[in-house]
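**Student:** My questions are about this predicted structure, shown below with the sequence.
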Amino acid sequence: MLVSGGGTNLQALIDAQQSGLIKNGEIVLVVSNNKGAFALTRAEKAGIATAVISKKELGSQDAFEDKLLETLKENGIDLIVLAGFMVILSKRFTDAYPERILNVHPSLIPAFCGEGFYGLHVHEAALAYGVKVTGATVHFVNEIPDGGRIIMQKAVEIKEGDTPEVLQRRVMEEAEWKILPLSVEQVSAQIKEKKA
Ligand code: GAR
């Protein structure tokens, strides 16, 4: 699991594992690029191993990705989930895990996605455009930001008077926290089947 911030999507996955919704995989490691991420506290509370790999401290994207690849290998990771991870990964990295990296994005791709569209900015853009429906997408990650094959999407209504913060919360509650655990379970089951 790669995280950068609050980690509510990570929490949804931890809860899904505890409730038995996720049964074909196990959260082994949570890596953050930011040592202050509350997501790390959530992982520690759930007894999951954590690591911090800082791009700033390592000095370059290549050094950051080398360290990340090494850590994932050491831990025998089969599936990488970007759960609010705010670093764009290079082709070199995504090629090392073809259809083995999932991302959750807070819009209906191909709307409001790609470079610069992350976190609250996505909801600001949706409100500025005036769309009446938005949502969330879980997709595989390749070298194109938000460009990999779509796994699941869920629509969410925009309401009169929504602020970016209110909309973000609704998209999380109604869409992200539901389709991310379902997608992780679906892909984990496929990986398990291939291995068997
Ligand atoms: C989530 O809304 C996630 O979809 C978004 O950031 C938020 C992280 O929240 N991710 C992106 O915008 C990626 N392009 P969280 O840390 O509470 O899960």
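**Tutor:** Alright, I've got the coordinates.
**Student:** Could you pull out the buried residues of the longest helix along the chain?
**Tutor:** Looking across the chain with DSSP state H, the single longest helix is helix 177-195. Buried residues in helix 177-195, defined by neighbour count with 16 or more other Cβ atoms under 10 Å: 177-188, 191. C-beta here means a position set from N, CA and C on the backbone, and glycine is covered the same way.
**Student:** May I see the buried residues of stretch 148-163?
**Tutor:** 148, 151-154, 156, 158, 162.
**Student:** picking up where we left off before, the longest helix of the chain: how far from the chain's middle?
**Tutor:** 14 Å (Cα atoms, centre = their mean, to the nearest Å).
**Student:** helices or strands next to it in the packing?
**Tutor:** helix 8-19, strand 101-105, strand 133-140, strand 150-157 (3 or more Cβ pairs under 8 Å, 6 or more residues apart in numbering; DSSP states H and E).
**Student:** what's next to it, contact-wise?
**Tutor:** By Cβ atoms under 8 Å, 6 or more residues apart in numbering, the list of residues contacting helix 177-195 from outside reads 8-9, 12-13, 15-16, 21-25, 78-79, 81, 83, 100, 102, 104, 136-138, 151-154.
**Student:** residue contacts, whichever residue of the chain sits closest to the ligand?
**Tutor:** Residue nearest to the ligand within the chain: residue 84 (2.7 Å; Cβ to the nearest ligand atom). Counting by Cβ under 8 Å, 6+ apart, residue 84 makes contact with 3-10, 39, 104, 119.
**Student:** Is it correct that it falls within a strand?
**Tutor:** No. Under DSSP: H, G, I helix; E, B strand; the rest coil, residue 84 falls outside any strand and is assigned coil.
**Student:** neighbours around the nearest residue to it once chain neighbours are set aside, how many?
**Tutor:** The shortest distance from residue 84 to any non-neighbouring residue, by Cβ to Cβ, 6 or more residues apart in numbering, is to residue 5 (5.0 Å). Neighbours of residue 5 under the rule other Cβ atoms under 10 Å: 18.
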